[in-house]
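Peer 1: My questions concern the predicted model and sequence given below.
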Amino acid sequence: MADLAGLAQTVDDAARQASAIPQLTESAPLTPEQSYRIQALSVGRRLARGERRVGVKMGLTSRAKMIQVGVSEVIWGRLTDGMRIADGGTLERTRFVHPRIEPEVAFLLRRPLSGELSPVEALAAVEAVAPAMEVIDSRYRDFKFSLADVVADNCSSAAFVIGPWAAPSSDIANLGMLLEVDGRVVQVGSSAAILGHPLRSLVAAARLSGQAGEALDAGWIVLAGGATAAHPLAAGMSVRTVMQALGSVALRVA
Ligand code: OOG
Ligand code: MG
């Protein structure tokens with residue numbers, strides 16, 4: 001019987017100390033259920049330290065992301081307020097192992113969501129949408145992992161930044177986006193890359209989180225998943241995502 005609490009402490013300590021660890025599955029195989037349990041326990045350690053749960057992140061919802069990390073299954077992780085950076089704010093490079101950044105679409109929920117829904121039903125629970133970026137930082141050496149490892153590591157989530165909120169009536173089906181570093185474009189994409197439509201990612205979030213017994217809550221944020229491959233971060237960089245119709249979101253790396 002795997003020591004799930006011990007493994008949760010291992011990934012949580014690695015994140016806190018910004019030190020890379022070997023993949024958990026190098027020591028013993030993990031089932032998907034066990035890896036999601038480790039994730040829940042490690043985020044539970046954050047909550048016990050005073051962080052507050054603020055939502056869900058979806059992962060590997062675009063082909064670009066699946067190809068970059070070599071895992072092709074939609075995954076989900078848990079967001080806390082401790083991961084949030086203000087728009088235009090600063091990220092301390094030294095707090096992370098090997099951070100990367102990716103453009104995302106964020107949803108803000110006005111009411112709880114859970115179970116099997118149509119995109120139209122999911123949209124009815126959306127208060128607002130925004131351009132966003134996620135900083136991912138696998139705690140595993142060389143940013144390499146299996147499906148079970150990345151899930152246990154809260155799907156590499158490290159930080160996120162949300163731009164200006166817009167009415168959910170905005171058409172988000174196919175929004176062009178640019179990821180810029182110091183004013184230079186490093187990734188180009190479209191929101192259509194996210195499962196064909198970012199609302200499908202919200203539908204998947206409601207289903208998967210519901211299956212885990214955690215309905216998406218009113219006031220929560222759902223990150224729909226990177227629309228392009230992620231870009232490595234280094235100290236001194238200014239990073240911005242510009243999204244058609246929704247505007248831009250930025251951060252600096254100190
Ligand atoms: C896994 C997390 C994937 C996304 O947006 O697809 C993710 C990783 O790339 O390390 O956050
Ligand atoms: Mg992401």
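Peer 2: Structure's in. What do you need? Ligands and ions are numbered 1, 2, ... in the order given.
Peer 1: element containing the residue nearest to the spatial centre of the chain, please.
Peer 2: Centroid-nearest residue in the chain: Lys57, 3.9 Å away (criterion: CA atoms, centre = their mean). Per DSSP states H and E, Lys57 falls inside strand 53-59.
Peer 1: Quick check: the residue nearest to the centre of the chain touching Phe160?
Peer 2: Yes - look at Lys57 against Phe160 with CB atoms under 8 Å: they come within range, at 7.3 Å. Where C-beta positions appear, they are placed from N, C-alpha and C, glycine not excepted.
Peer 1: Which strands and helices lie in contact with the strand holding Lys57?
Peer 2: In terms of contacts (3 or more CB pairs under 8 Å, 6 or more residues apart in numbering; DSSP states H and E), strand 53-59 is packed against strand 75-80, helix 198-211, strand 221-223.
Peer 1: Would you mind saying which of the ones you listed lies nearest Ala166?
Peer 2: Among the helices and strands packed on strand 53-59, helix 198-211 comes nearest to Ala166, with 12.9 Å by CB to CB.
Peer 1: Buried residues of that closest one, list them for me.
Peer 2: Neighbour-count burial for helix 198-211 flags 198-210 (criterion: 16 or more other CB atoms under 10 Å).
Peer 1: which among the residues you listed are in contact with ligand 2?
Peer 2: Among the buried residues of helix 198-211, not one lies near ligand 2 by CB under 5 Å from the ion.
Peer 1: Next, give phi and psi for the residue in the chain positioned nearest to ligand 2.
Peer 2: Per CB to the ion, Glu134 is where the chain lies closest to ligand 2, at 3.8 Å. Torsion angles at Glu134 (phi, psi; degrees, to the nearest 10) stand at phi -110, psi 140.
Peer 1: close enough to count as contact, it and Gly55?
Peer 2: No - taking contacts as CB under 8 Å, Glu134 lies outside contact range of Gly55: 11.6 Å.
Peer 1: Looking at these two, which is more packed in?
Peer 2: Of the pair Glu134 and Gly55, Glu134 is the one with more neighbours under other CB atoms under 10 Å, namely 28 against 25.
Peer 1: Return the distance of that one relative to ligand 1.
Peer 2: 5 Å (CB to the nearest ligand atom, to the nearest Å).
Peer 1: ok, back up a step: give the residues shared as contacts by Lys57 and Phe160.
Peer 2: Taking CB atoms under 8 Å, 6 or more residues apart in numbering as the criterion, Lys57 and Phe160 both touch 79, 134, 223.
Peer 1: Output those residues in a markdown table, with distance to Asp13 and pLDDT appended to each entry.
Peer 2: A markdown table is the format used below for those (distance: CB to CB, whole Å; pLDDT from 0 to 100):
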| residue | distance to Asp13 | pLDDT |
| --- | --- | --- |
| Leu79 | 20 | 98 |
| Glu134 | 22 | 98 |
| Leu223 | 25 | 98 |
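Peer 1: what residues does this structure put near ligand 2?
Peer 2: So far as CB under 5 Å from the ion goes, the chain lies against ligand 2 at 134, 226.
Peer 1: again, 6 Å this time
Peer 2: Neighbours of ligand 2 within the chain, by CB under 6 Å from the ion: 57, 59, 102, 104, 134, 136, 225-226.
Peer 1: residue contacts, Ala20?
Peer 2: Ala20 neighbours (CB under 8 Å, 6+ apart): 14, 97-98, 139-142.
Peer 1: from these, which is closest to Met83?
Peer 2: Distances from Met83 to those, taken by CB to CB, are shortest for Arg139, at 13.9 Å.
Peer 1: How many residues are close by the closest residue to that closest one other than its chain neighbours?
Peer 2: Nearest non-adjacent residue to Arg139, counting by CB to CB, 6 or more residues apart in numbering: Ala14, 4.0 Å away. By the measure other CB under 10 Å, the count of residues near Ala14 is 19.
Peer 1: so who does the residue of the stretch 1-150 of the chain found nearest ligand 1 touch?
Peer 2: For the stretch 1-150 of the chain, the nearest residue to ligand 1 under the criterion CB to the nearest ligand atom is Gly59, separated by 3.1 Å. Going by CB under 8 Å, 6+ apart, Gly59 touches 65, 74-77, 150, 155-156, 225-226.
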